[in-house]
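[1] structure for the following, please:
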Amino acid sequence: VAMETVSLEHQIQSVQRHIAFLKKEQMELLHDLHLEILRLQKHCSELTHDLEMKELEARQQDVLDRELEEKCRAMEAQLQEKEKDNLELRKELQHKETLVAALRSSLRSKERRFLEELKRRSHRVTILDTELQKQTEAAAYL
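    Purely as a prediction, here's the structure:
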């Protein structure tokens, strides 16, 4: 009976050592798990922050894109207006060039008539001058 008691005491001590060992292992495992949870939480927080920053950047980029699109539309509208104005100015210029060509033609025609009239009058003056000279000579002779 004493042997059995000693054997039981050894078994109890062995079980208690195993229990102490398992408790120690469990505590280390729990500690490592807590550290891993903290590391994962930190990593998750960093990823969440990165995601929030990317979403913010994406929203800002969307705002910039919309502003650029609006500016592009405004510039395209201005361009169309300028092209329309340019077309009207070209038509006006073409009309004025036509008027200038007509005025030049009219001026050339008037200049030709004036020169013809000038020739006729010059010829008439020469004839009258010749007649006057003849009459002067005739009067002087008399």
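
[2] when you work out contacts or count neighbours from here on, use the C-alpha atoms and nothing else.
    Fine.

[3] centre of the chain versus the one helix or strand residue 12 maps to, how much separation?
    Per DSSP states H and E: residue 12 is located in helix 2-141. Chain-centre distance of helix 2-141: 0 Å, with CA atoms, centre = their mean, to the nearest Å.

[4] how many residues are close by residue 137?
    Number of residues near residue 137 (other CA atoms under 10 Å) recorded here: 11.

[5] check what pLDDT it gets.
    Per-residue pLDDT puts residue 137 at 92.

[6] distance of it relative to residue 89?
    In this view, residue 137 and residue 89 are 69 Å apart by CA to CA, to the nearest Å.

[7] swap in residue 140?
    Counting by CA to CA - residue 140 and residue 89 are separated by 73 Å.

[8] now residue 4
    From residue 4 to residue 89 the distance is 122 Å (CA to CA).

[9] what do you get for residue 36?
    77 Å.

[10] what does residue 64 give?
    Distance of residue 64 to residue 89, computed by CA to CA: 36 Å.

[11] per-residue pLDDT, the spatially most central residue of the chain?
    Centroid-nearest residue in the chain: residue 72, 6.0 Å away (criterion: CA atoms, centre = their mean). The model reports residue 72 with a pLDDT of 98.
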